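Novice: Provided below for reference: sequence and predicted model.
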Amino acid sequence: MEKCSHGDSKSCASCGVAADSEKAARTPEDEEKAIFRTLRGIRHKILVMSGKGGVGKSSVAVTLALSLARRGYKVGLMDVDIHGPNVLRMLGLEAPFDIQHAQFDLPPDLYHNLKVISIEALMRNREIAVIWRGPLKHQLIRQFLSEVQWGDLDYLIIDAPPGTGDEPMSVAQTIPDAQAVIVTTPQEISLADVRKSINFCQKINMKILGLVENMSGYFCPHCGKELPLFKKGGGEKTALAFNIPLLGSLPFDPVVVEAADEGRLMQLAEEDSAFLKAMKPMVSYLAQILPPGPAEKREPGVFKFAVPMDDGKPAARFGEAKQFAIITVKDRAVAGQELLDTPPHEPGGMPVWLEDLGVTHVLTRELGEKAQQLLKKKGIEVVVGVTEDPPETLVERYLDLYPGT
């Protein structure tokens, strides 16, 4: 990904913050494969969202990424708030060291554990408004995932703009296994909008990790007494009403506000901030329920293709397959083939069975969209519309079409 050389939003929109002509000529299939490869190397994807602005969503996203990275985990921080990006400013990041690898000139304790990308990294003038409609936003998010070399990550933290508009929807469509952390304040007007965010996640089948109540009280710097800025308990009541976890209640902390304004969040020590201290149990909980580690147990360079079979040829319908041909490919050559009986049908059982076999690709003549999404959530690439040729021929044809596999 190259830095946009234009200085205004109209010019940027005309090129879509695109790179050179070679990238512009890339086919949608190439881009889809690049995104798939990226996501396969990321263990957990966390979308930090809110129902309205001004609730401290970006502060939660940035400090969550910093806290996880300081624990030694590999973390990516992706700012998809196209119109109001704040991540780079809060971290004090200006001149990118390596945009292609989302790598800025970070402190030594974070340099190898934290990668950051934002539209501001592509803009020569950060003060100019980005005036884009939905399709351009969607494409930029896809570029962040297809062109940036994230490598293997334990966590990708995604800072979304407030509300349930284009950007959260694009994340949900592009990253089907993303999970949501929703930020609110105790105010009823904020909680009302959070309920819309919860409803949004429910409608698109995005799992909600929990709710964060921000600005929940204020510790007086003189007497140390906790004072309610708004009121307390609204986040807990909402979490109980929707049967989702309350991840934590975070106090309003002028130290964090000042550090973010001055781009010093990376330099802020945990012991100097009530906000960061309150975040500690939340970070521990997320690391427990979302354990870090390799995104997959598959051997590098080895791929397993599954082809649903019926009477010795690829089945007309995925659900009618009596057997599956499992073809192992190593160093782009077929290294083995076996024919397995289809397991007894049970809801959600097929994706788990294929995942346990280490399958990386499914080649099928027909498969419904919902079933495709279930397989993709397991990190299995799906190719629909193959011919009735023998499975080995289908695999060889796939390898010829996608030499980068």
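Specialist: Received it, and whenever you're ready, just let me know what you need.
Novice: Give the bridge partners for the spatially most central residue of the chain, please.
Specialist: Centroid-nearest residue in the chain: Lys45, 3.7 Å away (criterion: CA atoms, centre = their mean). Note on Lys45: beta-bridge partners by DSSP bridges are Leu156.
Novice: Now for it: which residues touch it?
Specialist: Contacts here follow CB atoms under 8 Å, 6 or more residues apart in numbering; on that basis Lys45 touches Leu39, Tyr155, Leu156, Ile158, Ile175, Asp177, Ala178, Gln179. For the C-beta atoms, the positions are set from N, CA and C on the backbone; glycine is no exception.
Novice: so who does the third one touch?
Specialist: When the contact criterion is CB under 8 Å, 6+ apart, the partners of Leu156 are Ile42, His44, Lys45, Ile46, Val75, Gly76, Leu77, Met78, Trp150.
Novice: and the residues you listed, which are buried?
Specialist: Among the contacts of Leu156, those that count as buried by neighbour count (16 or more other CB atoms under 10 Å) are Ile42, His44, Lys45, Ile46, Val75, Gly76, Leu77, Met78, Trp150.
Novice: Need the phi and psi values for the first one.
Specialist: Dihedral pair for Ile42: phi -110, psi 120, per degrees, to the nearest 10.
Novice: how close does it get to Ala315?
Specialist: Ile42 is 32 Å from Ala315, where distance means CB to CB, to the nearest Å.
Novice: Low-confidence ranges, the stretch 51-200 of the chain, go.
Specialist: Within the stretch 51-200 of the chain, the stretches with pLDDT under 70 are 96-97.
Novice: Could you list the domains of this protein?
Specialist: The chain breaks down into these domains under automatic domain parsing: 9-289, 302-401.
Novice: any idea which of these is most buried?
Specialist: Among the domains of the chain, domain 9-289 has the highest mean neighbour count (mean count of other CB atoms under 10 Å), at a mean of 18.
Novice: how far out from the middle of the chain is that one?
Specialist: In terms of CA atoms, centre = their mean, to the nearest Å, the centre of domain 9-289 is found 10 Å from the chain centre.
Novice: What of stretch 340-353?
Specialist: Counting by CA atoms, centre = their mean, stretch 340-353 is centred 27 Å from the centre of its parent chain.
Novice: Identify all contacting residues around it.
Specialist: Contact partners of stretch 340-353, identified using CB under 8 Å, 6+ apart, comprise 308, 321-324, 326, 357, 371, 374-375, 377-378, 380.
Novice: In JSON lines: those residues, plus pLDDT.
Specialist: Compiled in JSON lines, those are given as follows (pLDDT from 0 to 100):
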{"residue": "Pro308", "pLDDT": "96"}
{"residue": "Ala321", "pLDDT": "93"}
{"residue": "Lys322", "pLDDT": "92"}
{"residue": "Gln323", "pLDDT": "94"}
{"residue": "Phe324", "pLDDT": "96"}
{"residue": "Ile326", "pLDDT": "95"}
{"residue": "Leu357", "pLDDT": "86"}
{"residue": "Ala371", "pLDDT": "89"}
{"residue": "Leu374", "pLDDT": "85"}
{"residue": "Leu375", "pLDDT": "90"}
{"residue": "Lys377", "pLDDT": "80"}
{"residue": "Lys378", "pLDDT": "81"}
{"residue": "Ile380", "pLDDT": "90"}
